[in-house]
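Participant: Make a model of this:
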Amino acid sequence: MAAPPSQQPQFMTTGDIRTHPNDALIDNIEYDQIVVPDRKSWKNLFAYMGPGILVSIAYIDPGNFQTDLQAGAQYKYGLLWIILLASCAALVIQSLAANLGVVTGKHLSEHCRKEYPRVPNFLLWILAEVAIVACDIPEVIGTAFALNMLFRIPLWCGVLITGLSTLVLLLLQQYGVRKLEILITFLVLTIAGCFFVELGYAKPKSSQVLRGLFVPHLEGSGATKLAISLLGAMVMPHNLFLHSALVLSRKIPRSVYGIKEACRFYLIESGLALLVAFFINVSVISVSGAVCHSSSLEPDDLESCKNLDLNEASFLLKNVLGSWSSKLFAVALLASGQSSTITGTYAGQYVMQGFLDLRLKPWIRNFLTRCLAIVPSLVVALIGGSSGAGNLIIIASMILSFELPFALIPLLKFTSCKTKMGEYANSAAVRTRRLSNFILILVDHGT
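Facilitator: Below is the predicted model:
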């Protein structure tokens with residue numbers, strides 16, 4: 001039986017006072033909880049909508065777009081099944097993170113601080129911060145590329161604007177979590193709308209798209225490497241910390257039924273959000289595949305397809321589908337980069353709070369997190385230009401491949417612990433199945 005609220009507060013608001021060392025550390029967030037009605041009704045699902053949308057942004061960030069573009073350009077629709085596989089694995093992993101926060105009232109980084117000795121905990125914090133920075137770099141660069149495509153702003157200026165605009169948008173926190181969730185939802189729908197329109201004009205053959213989704217096959221070692229990149233780009237370490245914390249923004253009934261309902265509705269909500277992200281990724285690969293394998297492609301455009309990145313994709317779409325297509329791509333990239341940087345900064349706040357129990361003013365935390373990503377992006381943009389920025393995205397992706405186990409192993413450990421999770425702990429069968437998925441992901445990231 002879950003402890004009553006007085007013994008284990010699920011979420012601390014600004015006015016709360018932490019009186020017990022094991023209480024949740026989130027007592028310095030700028031919004032109060034959203035109260036979930038204590039009733040048995042499917043309408044409660046609407047109260048839970050939001051965290052999954054913020055988490056889904058990591059699956060449609062500029063780094064994912066670059067990998068999607070390369071997959072479509074080189075293998076047409078042949079790697080779409082990887083997106084389906086990765087999305088299913090992502091739903092399982094994200095549900096674990098959500099359940100950890102719902103059942104225990106603490107997020108992943110808080111559990112790490114409590115369970116591990118000081119030195120391992122400090123090392124895990126460093127690795128988590130490096131992962132957030134590595135995740136943030138493609139997002140900052142992607143936004144800078146978009147600003148350059150739309151307004152001809154130099155790349156280095158775009159990097160600075162990205163940092164400042166993110167801090168301004170994060171001011172929405174003081175007006176409540178719902179405002180931030182609505183903003184992110186609007187940006188996700190903007191991304192989806194842009195790529196669905198692109199998809200309509202590119203006109204990929206539906207039969208070939210469906211075959212790519214449901215008939216797994218790899219043609220050559222190059223396809224294998226790109227498939228691993230696709231799978232690796234879909235699972236972000238910082239998302240595990242973020243999701244386990246975001247679910248605490250709801251004040252759920254601490255009864256057995258209330259906790260079960262929260263776990264179930266968060267699973268549904270995450271599934272819907274990841275489904276939208278799945279369709280967006282499929283659209284990007286399909287557009288790239290249809291354009292780069294068109295019979296009427298010019299030699300110069302064909303050459304661009306051989307090494308397609310975010311910057312080249314704009315010129316390619318402009319040449320093949322028209323200037324409006326390039327603008328749509330830039331708008332989608334801008335929405336993706338800006339929303340991703342917001343959630344990345346958000347994750348940085350929870351990681352710093354949980355691992356170090358460090359109390360800083362919100363604007364200071366935001367500023368520090370922003371600087372860690374902007375400084376390397378700015379230096380590369382000034383020295384290496386567009387090509388250097390593109391290479392930095394690849395380096396960041398390689399770092400993320402190394403980082404994932406250091407977030408996933410603690411998550412699997414904590415969600416399998418009956419002391420923490422009680423009856424909600426993973427069963428032996430579930431642990432075996434998820435361990436198999438985990439090993440698969442480790443192999444993919446290590447290859």
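Participant: Check what pLDDT Arg431 gets.
Facilitator: Looking at Arg431, its pLDDT is 52.
Participant: SS state for the residue lying closest to Leu392 once chain neighbours are set aside?
Facilitator: Nearest residue to Leu392 in three dimensions, chain neighbours excluded: Val380, at 4.8 Å (CB to CB, 6 or more residues apart in numbering). Every C-beta, even on glycine, is put in place using the N, C-alpha and C of the backbone. Classification of Val380 by DSSP: H, G, I helix; E, B strand; the rest coil places it in helix.
Participant: neighbours of Val380, just the number please.
Facilitator: Other residues within reach of Val380, judged by other CB atoms under 10 Å, total 23.
Participant: ok, now the one 5 residues further on?
Facilitator: Per other CB under 10 Å, the neighbour tally for Gly385 reads 14.
Participant: And the helix or strand where it lies, what does it pack against?
Facilitator: According to DSSP states H and E, Gly385 maps onto helix 362-403. Contact analysis of helix 362-403 by 3 or more CB pairs under 8 Å, 6 or more residues apart in numbering; DSSP states H and E lists helix 62-75, helix 118-151, helix 155-169, helix 221-234, helix 310-321, helix 323-356, helix 428-446 as its packing neighbours.
Participant: could you dump the next helix or strand after that helix to PDB, C-alpha only?
Facilitator: Downstream of helix 362-403, the next assigned helix or strand under DSSP H and E is helix 405-415. Extracted as PDB, the C-alpha positions of helix 405-415 are listed here (Å, rounded to 0.1, in the frame of the first residue of the first chain):
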ATOM      1  CA  PRO A 405      23.900   3.000 -20.500                       C
ATOM      2  CA  PHE A 406      24.800   5.300 -17.600                       C
ATOM      3  CA  ALA A 407      21.100   6.400 -17.400                       C
ATOM      4  CA  LEU A 408      19.500   3.200 -18.500                       C
ATOM      5  CA  ILE A 409      21.200   0.900 -16.000                       C
ATOM      6  CA  PRO A 410      20.100   2.900 -12.900                       C
ATOM      7  CA  LEU A 411      16.600   3.100 -14.300                       C
ATOM      8  CA  LEU A 412      16.300  -0.600 -14.800                       C
ATOM      9  CA  LYS A 413      17.800  -1.200 -11.300                       C
ATOM     10  CA  PHE A 414      15.400   1.100  -9.500                       C
ATOM     11  CA  THR A 415      12.300   0.000 -11.400                       C
END
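Participant: Measure how helix 405-415 sits relative to helix 323-356, angle-wise.
Facilitator: Here the directions of helix 405-415 and helix 323-356 differ by 60 degrees (axes from the mean of the first three to the mean of the last three CA atoms, to 10 degrees).
Participant: what mean pLDDT does helix 405-415 have?
Facilitator: For helix 405-415, mean pLDDT rounds to 92.
Participant: burial count for the residue nearest to His111 when sequence neighbours are not counted?
Facilitator: Distances taken as CB to CB, 6+ apart put Phe414 closest to His111, at 5.1 Å, once the chain neighbours are dropped. By other CB under 10 Å, 26 other residues sit near Phe414.
Participant: what about the closest residue to Gly390 other than its chain neighbours, neighbour count?
Facilitator: Once flanking residues are discounted, Gly390 sits nearest to Asp309: 4.6 Å by CB to CB, 6+ apart. When neighbours are counted by other CB under 10 Å, Asp309 registers 21.
Participant: Leu316 too?
Facilitator: Leu316, neighbours per other CB under 10 Å, totals 25.
Participant: ditto for the one 4 residues further on
Facilitator: Residues near Val320, counting by other CB under 10 Å, number 21.
Participant: Contacts only, for it.
Facilitator: Applying CB atoms under 8 Å, 6 or more residues apart in numbering to Val320 gives the contacts Val291, Ser294, Leu297, Asp301.
Participant: Relative to Leu230, how far out is the residue positioned nearest the centre of the chain?
Facilitator: The C-alpha lying nearest the average C-alpha coordinate of the chain belongs to Ala58 (CA atoms, centre = their mean; 1.7 Å). Applying CB to CB, to the nearest Å, the value for Ala58 to Leu230 is 14 Å.
Participant: now swap in Phe265 and tell me
Facilitator: Computed with CB to CB, the distance linking Phe265 and Leu230 is 29 Å.
Participant: Then Gln173?
Facilitator: Noted for Gln173: a distance of 33 Å to Leu230, by CB to CB.
Participant: Quick check on those two: which one has the bigger neighbour count.
Facilitator: Shown here are Gln173 and Leu230; by other CB under 10 Å, Leu230 has more neighbours (24 against 18).
Participant: Could you report the distance from that one to Lys418?
Facilitator: Leu230 is 36 Å from Lys418, by CB to CB.
Participant: and if you look at Gly388?
Facilitator: 50 Å.
Participant: Equivalent analysis for Ala425, please.
Facilitator: 5 Å.
Participant: more crowded one of these two?
Facilitator: Applying other CB under 10 Å to Ala425 and Lys418 shows that Ala425 carries more neighbours, namely 17 against 10.
Participant: I'd guessed the more buried one sits against Ser416; true?
Facilitator: Yes: Ala425 is within contact range of Ser416, at 5.8 Å (criterion: CB atoms under 8 Å).
Participant: quick one: which of the helices and strands packed on helix 362-403 is nearest Val284?
Facilitator: Ranking these by distance to Val284, with CB to CB as the measure, places helix 62-75 first at 4.0 Å.
Participant: follow-up on the earlier one: mind pulling up the pLDDT for the residue nearest to the centre of the chain?
Facilitator: For Ala58, the model assigns a pLDDT of 91.
Participant: Run through the residues that contact it.
Facilitator: Ala58 neighbours (CB under 8 Å, 6+ apart): Cys135, Met236, His238, Asn239, Ser340, Thr343.
Participant: Looking at those residues, state which has the most neighbours.
Facilitator: Using other CB under 10 Å as the neighbour test, these are led by Met236, with 31 neighbours.
Participant: coming back round to it: which of the helices and strands packed on helix 362-403 is buried the deepest?
Facilitator: helix 62-75 (a mean of 27; mean count of other CB atoms under 10 Å).
Participant: packing partners for that helix?
Facilitator: Helices and strands touching helix 62-75, by 3+ CB pairs under 8 Å, 6+ apart, are helix 118-151, helix 221-234, helix 256-292, helix 299-306, helix 310-321, helix 323-356, helix 362-403.
Participant: can those go into a markdown table with extra columns for distance to Tyr75?
Facilitator: Below are those laid out as a markdown table (distance: least, CB to CB, whole Å):
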| stretch | distance to Tyr75 |
| --- | --- |
| helix 118-151 | 22 |
| helix 221-234 | 6 |
| helix 256-292 | 8 |
| helix 299-306 | 11 |
| helix 310-321 | 16 |
| helix 323-356 | 20 |
| helix 362-403 | 18 |
